[in-house]
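Colleague: What would the 3D arrangement of this be:
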Amino acid sequence: MLRRSCFVAVAILGLAAAQAPRRTVSLVVTHGIVVTVDAGRRVIQDGAVAIEGRDIVAVDTAGTIAGRFRGRDTIDARGAVVMPGLVNTHTHAPMVLFRGLADDLALMDWLQKYIFPAEAKTVSPEFVRAGTRLAALEMIESGTTTYADMYYFEEEIARVTKAAGLRGVLGETIIQFPVADAKSPAESLARTERFAAEFAHDDLITPAVAPHAMYTLDTDTLKACRALADRLHIPVLIHLAETEDEVKTAAEKYHATPAAYLDSIGFWGPRTIAAHGVHVTPEDIKILADRHVGISHNPESNMKLASGTAPVPAMRAAGIAVGLGTDGAASNNDLDMFEAMRQAAFLHKLISGDPRAIPAPVAIEMATIGGAKAMGMDAQIGSLEPGKRADVIVVSMDSARQTPMYDAQSHLVYVTRGDDVRTTIVNGRVLMRDRRVLTLNREQVLAEARAYAEKVRAAVGPEGAGKDE
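Modeller: I've put the predicted structure just below:
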């Protein structure tokens with residue numbers, strides 16, 4: 001009798017569980033290959049992600065999610081990969097309007113002969129808004145959901161970024177000479193403080209201080225940048241050891257490497273992203289690791305400008321959080337993070353002579369959770385896990401180029417392009433669905449960008465507007 005009662009009780013409990021109402025959530029993305037990039041690096045072959053508001057509430061098999069959740073909206077991801085949104089750790093977003101302006105030059109020639117003069121003649125709040133809209137469109141269409149930026153009129157960049165629905169760590173550039181939005185570093189610092197106040201505690205925008213580099217700023221200004229960041233509890237973005245010229249300047253002026261000099265003045269600290277880190281020594285790597293500095297690796301611009309190759313495997317072995325960046329589209333010349341993944345993997349295989357130097361899963365990590373860690377945001381973004389922000393992309397895998405597919409992670413790095421992204425979601429909001437961008441008027445953005453290109457061409461003249469004239 002007791003045994004029969006137990007069977008009855010179990011049956012009743014099973015029936016109750018089967019009849020338990022499913023929780024209604026705002027969105028379910030289902031039936032895709034889910035590349036979680038979580039701690040277990042799970043890849044769920046027929047998986048789903050349940051989203052409520054801005055947060056992920058569950059990641060599991062499609063069947064399990066269907067049994068627990070009902071979506072007010074559903075995205076069918078059959079034939080696609082579902083993965084975390086890409087994290088671009090270094091850009092100059094409005095510089096998309098200088099795309100192709102001057103190519104095949106070393107960094108200092110490129111900057112001093114073309115970019116700085118072009119910026120002096122063209123950069124304005126209107127220019128920045130138009131360029132950021134174009135950059136936002138390109139990033140949404142190619143699966144970037146979070147980006148770090150350094151430029152001028154950064155409050156305008158932030159407003160456009162927020163309206164487009166993207167997440168940004170955005171730094172007002174501090175530089176020693178007069179620029180479009182400030183006549184002095186002190187004025188730039190004041191702008192930074194106002195910008196930080198406007199976006200304090202914003203859900204999408206994280207203001208930052210962005211001293212350009214050790215070779216374009218004096219010691220007092222660099223210290224002032226660190227002091228402001230510490231006082232406001234905001235990140236710091238800076239270029240570091242991008243070229244041999246920078247290393248030579250540091251040696252001549254300070255008898256130290258750029259990293260060691262910045263350490264000697266108390267500049268380094270957590271939530272600092274150093275872009276490039278090409279010419280760093282083993283001692284520099286130890287400094288950066290000890291100070292918990294994140295590194296933005298920009299393989300494409302470093303190769304295009306012949307700046308060199310950052311020792312990424314050594315940095316990772318030292319425990320440094322290394323993310324990927326595209327740099328500005330004026331020196332890349334695009335914002336496609338899938339291309340950044342592929343080039344990072346290829347570059348380090350070639351340089352090291354080891355085909356295992358940066359395997360596909362590591363390249364994906366660098367473009368997602370690695371970038372999030374570099375920016376101190378890995379508790380919120382960078383992987384598909386319950387409790388994290390719902391920054392999710394759906395990547396089509398049904399083209400001839402992607403057929404057949406044996407390994408989703410291999411395909412993401414070695415085959416996929418930005419225009420394979422089908423859907424982009426940030427903070428639970430669908431920004432692009434089935435290749436249709438919902439937060440920007442694509443035709444207006446492109447028309448505005450083309451109009452500004454004519455203004456740039458007129459301002460810089462034929463010598464600075466490409467080499468086809």
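Colleague: can we go C-alpha only for contacts and neighbour counts from here?
Modeller: OK.
Colleague: Residue 273: which element?
Modeller: If you go by DSSP states H and E, residue 273 is part of strand 272-276.
Colleague: in the helix or strand just after that strand, what counts as buried?
Modeller: Downstream of strand 272-276, the first helix or strand assigned by DSSP H and E is helix 282-290. Under the neighbour-count criterion of 16 or more other C-alpha atoms under 10 Å, helix 282-290 has 284, 285, 286, 287, 288, 289 buried.
Colleague: for stretch 100-109, same thing?
Modeller: With the criterion 16+ other C-alpha under 10 Å, stretch 100-109 contains buried residues 100, 101, 102, 103, 107.
Colleague: Could you list the low-confidence segments of this structure?
Modeller: Screening the chain residue by residue with the criterion pLDDT under 70, one finds the ranges 1-19, 462-469.
Colleague: In it, where's the longest strand?
Modeller: Counting residues, the longest strand found in the chain (DSSP state E) is strand 23-35.
Colleague: returning to that earlier point: the buried residues of helix 282-290 into CSV, with extra columns for distance to residue 310?
Modeller: Output for the buried residues of helix 282-290, formatted as CSV (distance: C-alpha to C-alpha, whole Å):
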residue, distance to residue 310
284, 12
285, 11
286, 15
287, 16
288, 13
289, 15
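Colleague: Would you mind measuring from residue 451 to residue 88?
Modeller: Shown here: residue 451 relative to residue 88, a distance of 27 Å by C-alpha to C-alpha, to the nearest Å.
Colleague: Who has more neighbours out of the two?
Modeller: More neighbours sit around residue 88 than around the other of residue 451 and residue 88, counting by other C-alpha atoms under 10 Å; the figures are 32 against 11.
Colleague: Tell me where the stretch 51-200 of the chain has helices.
Modeller: Secondary structure of the stretch 51-200 of the chain (DSSP state H, counting those that start in this stretch): helices at 62-68, 107-109, 116-122, 125-141, 154-164, 185-198.
Colleague: Please tabulate the buried residues of stretch 100-109 in CSV, including the columns distance to residue 58.
Modeller: Shown next, in CSV, are those (distance: C-alpha to C-alpha, whole Å):
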residue, distance to residue 58
100, 43
101, 46
102, 47
103, 46
107, 46
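Colleague: secondary structure class for the residue lying closest to residue 140 once chain neighbours are set aside?
Modeller: Spatial nearest neighbour of residue 140, chain neighbours left out: residue 424 (6.3 Å); criterion: C-alpha to C-alpha, 6 or more residues apart in numbering. Three states are possible here, and by DSSP: H, G, I helix; E, B strand; the rest coil the one that applies to residue 424 is strand.
Colleague: Chain neighbours aside, what residue packs nearest to residue 365?
Modeller: For residue 365, the nearest residue in space outside its immediate sequence neighbours is residue 37; the separation is 6.7 Å by C-alpha to C-alpha, 6+ apart.
Colleague: Please apply the same query to residue 305.
Modeller: Spatial nearest neighbour of residue 305, excluding adjacent residues (C-alpha to C-alpha, 6+ apart): residue 106 at 5.1 Å.
Colleague: cool, residue 61 as well?
Modeller: The spatial neighbour of residue 61 that comes closest, neighbours along the chain excluded (C-alpha to C-alpha, 6+ apart), is residue 47 at 4.1 Å.
Colleague: Quick check: the one you found touching residue 58?
Modeller: No - at 10.6 Å, residue 47 does not count as touching residue 58 under the criterion of C-alpha atoms under 8 Å.
Colleague: Same drill for these two, tell me which one is more crowded.
Modeller: Per other C-alpha under 10 Å, whichever of residue 47 and residue 58 has more neighbours is residue 47, with 25 against 21.
Colleague: Can I take it that the more buried one is in a helix?
Modeller: No - applying three-state DSSP, one finds residue 47 to be strand, outside a helix.
Colleague: Next one: it relative to residue 420, how far apart?
Modeller: From residue 47 to residue 420 the distance is 19 Å (C-alpha to C-alpha).
Colleague: Then residue 165?
Modeller: Relative to residue 420, and taking C-alpha to C-alpha, residue 165 is found at 20 Å.
Colleague: Please report the distance of the residue lying closest to residue 84 once chain neighbours are set aside from residue 438.
Modeller: The shortest distance from residue 84 to any residue other than its chain neighbours is 4.7 Å, reached at residue 392 (C-alpha to C-alpha, 6+ apart). Residue 392 is 15 Å from residue 438, where distance means C-alpha to C-alpha.
Colleague: Which one of those two is surrounded by more residues?
Modeller: In this view residue 392 and residue 438 are compared by other C-alpha under 10 Å, and residue 392 has more residues nearby, 31 against 16.
Colleague: Settle this for me: the more buried one is touching residue 426, isn't it.
Modeller: Yes - the pair residue 392 / residue 426 is scored as a contact, 6.6 Å apart, by C-alpha under 8 Å.
Colleague: so what sits against both of those two?
Modeller: Among the neighbours of residue 392, those also in contact with residue 426 (C-alpha atoms under 8 Å, 6 or more residues apart in numbering) are 85, 145.
Colleague: buried ones in the helix or strand hosting residue 221?
Modeller: Per DSSP H and E, residue 221 falls inside helix 219-232. Applying a neighbour-count criterion of 16+ other C-alpha under 10 Å, the buried positions in helix 219-232 are 221, 222, 223, 224, 225, 226, 228, 229.
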